[in-house]
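return atomic coordinates for the entry below.
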Amino acid sequence: MATSTSPPRNENKRDFATSDTGAGQRLDRWLVSLNPDLSRSRIKQLIDSGQVSVDGRNNVDAALILKRDQSIVLTIPPPTETRIAAQAIELEVVFEDAHLIVVNKPAGLVVHPAAGNPDRTLVNALLAHCGDSLRGIGGELRPGIVHRLDKDTSGLLVAAKSGGAHAHLAQQFAAHTIQRVYDALVWGVPDLRKGIISGQIGRSTTDRKKMAVRKIGGKYAETHYETLEAFGLVSAWVICTLKTGRTHQIRVHLTSRGHALIGDRTYGSSPGKLSKTFDSEALGKVRNFSRQALHARVIGFTHPTTGKAMRFEREPPVDFRDLAETLRAATKQNAKLKPSKR
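Below is the predicted model of the structure:
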């Protein structure tokens, strides 16, 4: 059994000594098992930067195989200021404590700074909102983004405020134990009211900016769906539950079944002859819907510190509900459309 004479967790140095259980293990894996508040990538970063010594030697490899009765010292430098600017952007905070924050992201807000979106992102907003309550992730004072929503997808997102919370939440996402439920407005009505769409998702072979269902390569993805409401034969309100979390998963899966999201300029387009279904005003509203009609309604997870089951839910925003009402009203007015079988 490993013994530790480490000071309190809020200090910088942690001292360990190997025993029978440590002997024969890799250095990085052993340290990860003893420091649940640090991710494996953070442990490796500390080893590579000389912050871990074995019997007084700092120049060690993460793959070093440990022996019995070795002394290991792990030094965690104080977190540095992030280069990302804190920007006061209005946020709808659904839940917050010392470890994490859940927000209802509006459509149009990018999650993390990147090429083309250097600032005015959710991360900039979280830096301003959380301020001194951020306790360092990866050696940097920043919020820990463990999952993302596309810029034009609205809904619930959880972010970590400490390294321990970040590591714990990341493990839950990797294990696919996070509950995620989405609302989607799609073209057409699924043949089956309920169903499962599965298969490999990877980069498109014809457009590297897009994802696609692949016969070879990619990663396994699984989406469960249920039709909540059919608007004639033209469109439907579908509830999607993610069992995995691949890039653009819902958009790609529904498009592969012929039900692209309304407003999705990347993966789908509106069907023809819409003028036979909608009057000019309704047609304009549908065609001018400026984003994919997708909303992250539910997120559920285990709290990284208390172990309590957490679940949060938010209705779709006004633009989504208005679009649904437009589809509903047009269906009622159009006597030629037959109601779909439920």
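
look up how far Y182 lies from A170.
Using C-beta to C-beta, to the nearest Å, A170 is found at 21 Å from Y182. Where you see a C-beta, it was placed from the backbone N, CA and C, and this is true even at glycine.

quick one, which of the two is more surrounded?
Just comparing A170 and Y182: by other C-beta atoms under 10 Å the higher neighbour count belongs to Y182, 24 against 19.

check which helix or strand covers the more buried one.
Using DSSP states H and E, the element containing Y182 is strand 179-187.

now N117: how far from Y267?
If you go by C-beta to C-beta, the gap between N117 and Y267 works out to 20 Å.

cool, R26 as well?
According to C-beta to C-beta, R26 stands 42 Å off from Y267.

the two - which one has more neighbours?
Using other C-beta under 10 Å as the criterion, R26 and Y267 rank with Y267 on top: 18 against 14.

helix, strand or coil for the more buried one?
For Y267, the secondary-structure state derived from DSSP: H, G, I helix; E, B strand; the rest coil is coil.

please apply the same query to D69.
When the structure is split into helix, strand and coil by three-state DSSP, D69 lands in coil.

check contacts around the nearest residue to it once chain neighbours are set aside.
Leaving aside its sequence neighbours, D69 sits nearest to T18 (C-beta to C-beta, 6 or more residues apart in numbering; 6.3 Å). Residues counted as contacts of T18 (C-beta atoms under 8 Å, 6 or more residues apart in numbering) are 2, 30, 66-70, 72.

among those, the buried ones, what's the PyMOL command?
Only the buried entries of those go into this PyMOL selection, using 16 or more other C-beta atoms under 10 Å:
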select buried, resi 2+30+66+70+72
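
for the contacts of T18, give me a markdown table that also has distance to G217 and pLDDT.
Formatted as a markdown table, the contacts of T18 follow (distance: C-beta to C-beta, whole Å; pLDDT from 0 to 100):
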| residue | distance to G217 | pLDDT |
| --- | --- | --- |
| A2 | 41 | 49 |
| W30 | 34 | 92 |
| L66 | 37 | 94 |
| K67 | 42 | 92 |
| R68 | 44 | 90 |
| D69 | 47 | 90 |
| Q70 | 42 | 92 |
| I72 | 40 | 93 |
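
centroid-nearest residue for this protein?
Among the residues of the chain, the smallest C-alpha distance to the mean C-alpha position (C-alpha atoms, centre = their mean) belongs to H147, namely 2.2 Å.

is it located within a strand, as I assumed?
No - when three-state DSSP is applied, H147 is found to be coil, with no strand at that position.

backbone torsions only: list them for it.
phi -160, psi 170 (degrees, to the nearest 10).

nearest spatial neighbour of it, skipping sequence neighbours?
Once flanking residues are discounted, H147 sits nearest to F173: 5.8 Å by C-beta to C-beta, 6+ apart.

surely the one you found forms part of a strand?
No - inclusion of F173 in a strand is not indicated when three-state DSSP is applied; the result is helix.

buried stuff in the strand holding Y182?
Using 16+ other C-beta under 10 Å as the burial criterion, the residues of strand 179-187 that qualify are 180-187.

I239 contacts E226, correct?
Yes - applying C-beta atoms under 8 Å as the test, I239 and E226 come out as touching, 4.9 Å apart.

who has more neighbours, those two?
Neighbours of I239 and E226, each counted by other C-beta under 10 Å, are more numerous for I239; the result is 17 against 14.

tell me the contacts of that one?
Listed by C-beta under 8 Å, 6+ apart, the contact set of I239 reads 181-184, 225-228, 297.

redo those residues as CSV? Include distance to A330.
What follows is these, written out as CSV (distance: C-beta to C-beta, whole Å):
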residue, distance to A330
V181, 27
Y182, 23
D183, 19
A184, 18
Y225, 23
E226, 23
T227, 18
L228, 17
R297, 24
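
out of those, flag the one nearest to R257.
Each of those was checked against R257 using C-beta to C-beta; the closest is Y225, at 8.8 Å.

put the alpha carbons of stretch 297-317 into CSV.
What follows is the C-alpha trace of stretch 297-317 in CSV, where atoms were taken according to Å, rounded to 0.1, in the frame of the first residue of the first chain:
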residue,chain,number,x,y,z
ARG,A,297,-32.6,20.4,-23.0
VAL,A,298,-31.2,18.1,-20.2
ILE,A,299,-27.8,17.5,-18.7
GLY,A,300,-27.3,15.1,-15.8
PHE,A,301,-24.2,13.9,-14.0
THR,A,302,-22.7,12.8,-10.7
HIS,A,303,-21.4,15.7,-8.7
PRO,A,304,-17.6,15.3,-8.6
THR,A,305,-17.3,16.1,-4.9
THR,A,306,-20.5,15.1,-3.2
GLY,A,307,-21.4,12.1,-5.4
LYS,A,308,-25.0,13.4,-5.6
ALA,A,309,-26.9,12.9,-8.8
MET,A,310,-27.5,16.2,-10.5
ARG,A,311,-30.0,16.8,-13.3
PHE,A,312,-31.0,20.1,-15.0
GLU,A,313,-33.5,20.9,-17.6
ARG,A,314,-34.4,24.0,-19.7
GLU,A,315,-37.1,24.5,-22.3
PRO,A,316,-36.0,25.6,-25.8
PRO,A,317,-35.6,29.3,-26.4
